[in-house]
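# Requesting a structural model of the entry that follows:
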Amino acid sequence: MHTAKIRIGEEDLILETGKIAKQANGSVLARYGGSAVLATVCCSSDTTEGLDYIPLMVDYNERYYSAGKIPGGFIKRETRPKDKEILVSRLIDRPMRPLFHKSFGRDVQVIPMTISTDQIHTPDVVGMMAAFASVMVSDIPFDGPVAAIRVGSVDGELVANPTFDQLKSAELDIIVAGNNKGIVMVEGGGDQVAEERMLEALAFSEGILKDLCKFLEDFAAAAGKTKLPLPEAFPPLGFEDEVKAAAEPLFKDVIFLDDKFARSGGAREVKAKMIEQFSDRIEAYGENGMTVFKALLGKIHSNLMRSSIVNEGKRCDSRAPDQIRPITTEIGLLPRTHGSALFTRGETQSIGVVTLGSTYDEQIFDDIDGDRRESFMLHYNFPPYSVGETGRTGTGRREIGHGHLAHRAIAPILPDKDKFPYTVRVVSEITESNGSSSMATVCSGTMSLLDAGVPLKAPVAGIAMGLIQEGDKNVVLSDILGEEDHMGDMDFKVTGSEKGITAFQMDIKIDGISIDIMKTALDQAKAGRIHILGEMFKTIKEPSEEISEFAPAVMTYKVDVDKIGAIIGPGGQNIRNISETSGTKVNIDDDGVITIFAKDGKQGAEVALNMVKAFVEDPEVGTIYDGTVKRIMDFGAFIEILPGKEGLCHISKLSEERVNSVEDVIKEGEKVKVRLVEVDRMGRLNLSIVDADNPDWKPAPGSSRPSGPPPRRPRR
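All right, here's what the predicted structure looks like:
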């Protein structure tokens, strides 16, 4: 068993190996404060030659027992992965994947499992470090180290691995992964944070990441296994120059075609022609000849595209590096939804749709971080037709990851709940895709929210950036295409308002990039974001003045906390009566804020609001009430003027004519109009039917006293 520790922020990160899960290729228990994550890595024994991808699976999971909880619902065990677990799995996967060898050819599975959490320190970053360490000490070939840290800006100070409480007030929250050469991944966002502050946070993380990488190297040197050998590389074809001379002119004719399908179809034709031309020599090479030949063609194609960008500043669709594709926008696309927008940028298109709901529509989360409710949801759908293909529909890791990024982008600019008490759901339907559909989602989502009348703090837009780096030359690309993402060195997404950044995601395929390149990319991204916002503003800039007629009406009212019980009533009787009578839903918060939701317009909400007010209203002398006769007595009638509040209308005040019997004038259960003429010294309410219609009525001196029990006399 081997243990090592390093200080990060306010706690020690402790790594331990050789004690638990010893049959795995590698296993590490990582502890940070009261949080603990066990990470294991295993590989299959069978090798598949010629893979052009890394067969890596990362399955992060959280055990409810880690927080002393039993799962909610009918099934009392952990089942399918929650969205949070999928998002953390992606965080772990992205910086690790480029460091495995394609030639290794074996399935690799990493399973980080949170087995203890103090609900103080976030377990996701602990899980990332545990996963990286488990691969470092394993016998699986891996070009590490790579490390991760969370950085928050709390009260103006940059904090390493901030706690949950600190993150509640943080203006910036990012997770950064890096190696000895620089930053390789960033994920996070902020509350319209300036680019300069983001760069400060990245620079702050760099030094800590290098210390963590050294820590992991020392840990692996002391406790790691001998790495398994890599299969021998395939020998060269021997006729590479001939293939290059024949293929390059043909590729040059197709890589600059206007249409995505024309370019991809043309490239396929070139490759098919080359395979036919060199078929005899491919066959003579042996069993893996076709694999090596196709890899060579792919490299020739990629190098031509990259060379054109670096040396000529010319991209696949002939744009300049900082040029944005044409944008068209439209709102009110769908007549019966609460808000909708169509955003098209080049060959990428998103329909954004907004639905406004009540408190009862909030998303309920039951996880190890504590139970909570979310009043904003964003769901991203990427059907296969959006790229002209067939395939299965459903929600996969891609949909969850892209939706989460767009959610993070829009959440900071939504209005506070006390100003806009709706539950908001945004759905993005990707109908075309060729580069950065998640950023199109941010744009269509923002416009649909404005169309729905949601008073945003500021509109936001998003842009995807790329990077081509050849030797000492590097070119940052704005609004990248799918080909540029596939063949480039960086996928860098930034969202924000005119004021600053709300979400940030970056993945690097090379060893790492410097802060200087990051600054260039951020500055270029800001210019692109402002341009996109300007195109959106041509269609809509301010929220619609009226909420859709199809959206529920919402009214809020605040009462004293000590009156909540009166509104609810015994066993919820009063609040049920309000809902049933008015056809609304009524929600009461602990602070006395009452929210009324009416699906059929304002009329029902107004009825409910008046009923609520009646329960908390103190009777006022001179006010005319619509009362209900509750009891008939010889000397008068007791009439309820407010819920639970009755007054006496004396027989002399029933009519201007002489009344021999009360029942000659009114009946029990009858609705009558009465005026409160006096609250006597005992707090009793005296009513008058006669004076209800008297416009000249005036209260008698001293007739207005607080209702309720009389004050006690002081003792002598």
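# Could you spell out the sheet neighbours of the helix or strand where Val159 lies, each with its direction?
According to DSSP states H and E, Val159 maps onto strand 157-160. Its sheet considered, strand 157-160 pairs with strand 147-154 (antiparallel) by DSSP bridges.
# chain center to the partner strand, what's the gap?
Counting by CA atoms, centre = their mean, to the nearest Å, strand 147-154 is centred 19 Å from the centre of its parent chain.
# pLDDT averaged over that strand, what's the number?
Computed over strand 147-154, the mean pLDDT rounds to 96.
# re earlier: following the strand holding Val159 in sequence, what is the next regular element?
Next in sequence after strand 157-160, counting helices and strands by DSSP H and E, comes helix 164-168.
# Return the set of buried residues in the strand holding Val159.
Across strand 157-160, burial judged by 16 or more other CB atoms under 10 Å covers Leu158, Val159, Ala160. All C-beta spots, glycine's among them, are computed from the backbone N, C-alpha and C.
# in the sheet, who's paired with the second one?
So that's Val159. Gly152.
# longest helix of this structure?
helix 195-223 (DSSP state H).
# Can you give me the buried ones in the following helix or strand past it?
Using DSSP H and E, the helix or strand that follows helix 195-223 in sequence is helix 240-254. Going by neighbour count (16+ other CB under 10 Å), the buried part of helix 240-254 is Val243, Ala246, Ala247, Leu250, Phe251, Val254.
# Who are the packing partners of helix 240-254?
In this structure, helix 240-254 makes packing contacts with helix 260-277, helix 289-307, judged by 3 or more CB pairs under 8 Å, 6 or more residues apart in numbering; DSSP states H and E.
# What about Glu11, how many residues nearby?
When neighbours are counted by other CB atoms under 10 Å, Glu11 registers 20.
# For the stretch 601-716 of the chain, just list every one of the strands.
Along the stretch 601-716 of the chain, the segments classed as strands by DSSP state E, counting those that start in this stretch run 624-633, 636-642, 645-650, 671-679, 685-688.
# With pLDDT and distance to Pro699 as extra columns, can I get the buried residues of helix 240-254 in JSON lines?
Formatted as JSON lines, these follow (pLDDT from 0 to 100; distance: CB to CB, whole Å):
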{"residue": "Val243", "pLDDT": "93", "distance to Pro699": "104"}
{"residue": "Ala246", "pLDDT": "94", "distance to Pro699": "105"}
{"residue": "Ala247", "pLDDT": "93", "distance to Pro699": "100"}
{"residue": "Leu250", "pLDDT": "93", "distance to Pro699": "99"}
{"residue": "Phe251", "pLDDT": "92", "distance to Pro699": "95"}
{"residue": "Val254", "pLDDT": "90", "distance to Pro699": "92"}
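# Quick check: the gap between Cys247 and Glu276.
Rather than Cys, residue 247 is Ala. 12 Å (CB to CB, to the nearest Å).
# actually Lys541, sorry about that
According to CB to CB, Lys541 and Glu276 sit 56 Å apart.
# For these two, indicate the residue with more neighbours.
Legend: neighbour count by other CB under 10 Å for Lys541 and Glu276, higher for Lys541 (12 against 9).
# What sits closest to the more buried one if chain neighbours are left out?
Sequence neighbours aside, Pro459 is the residue nearest to Lys541 in space, at 6.8 Å (criterion: CB to CB, 6 or more residues apart in numbering).
# again, but for Thr47
In this structure, Thr47 finds its nearest non-sequential neighbour in Gly105, 4.2 Å apart by CB to CB, 6+ apart.
# so the one you found makes contact with Ser44?
No - here Gly105 does not reach Ser44: they are 9.3 Å apart, not a contact under CB atoms under 8 Å.
# what's the one helix or strand Asn577 maps to in contact with?
Taking DSSP H and E as the criterion, Asn577 maps to helix 573-582. Applying CB atoms under 8 Å, 6 or more residues apart in numbering, the contact partners of helix 573-582 are 566-569, 584-586, 588, 596, 598, 604-605, 607-608, 611-612, 615, 643.
# ok so, going back, dump the buried residues of strand 157-160 to a markdown table, plus pLDDT.
Listed next are the buried residues of strand 157-160 as a markdown table, based on pLDDT from 0 to 100:
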| residue | pLDDT |
| --- | --- |
| Leu158 | 96 |
| Val159 | 95 |
| Ala160 | 96 |
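# and which of those is nearest to Asp479?
Leu158 (30.6 Å; CB to CB).
# what residues are up against that closest one?
Remark: with contacts taken as CB under 8 Å, 6+ apart, Leu158 is in contact with Val151, Gly152, Glu200, Ala201, Phe204.
# From Val460, how far out is it?
Leu158 is 24 Å from Val460, by CB to CB.
# Could you confirm Lys84 falls within a strand?
No - going by DSSP: H, G, I helix; E, B strand; the rest coil, the assignment for Lys84 is helix, not a strand.
# Wait, it touches Asp366, no?
No - applying CB under 8 Å, one finds Lys84 not in contact with Asp366, separated by 11.2 Å.
# ok, the two, which is more surrounded?
Lys84 (17 against 14).
# What is the burial count for the closest residue to that one other than its chain neighbours?
Spatial nearest neighbour of Lys84, chain neighbours left out: Asp367 (6.3 Å); criterion: CB to CB, 6+ apart. Neighbour count of Asp367, defined by other CB under 10 Å: 18.
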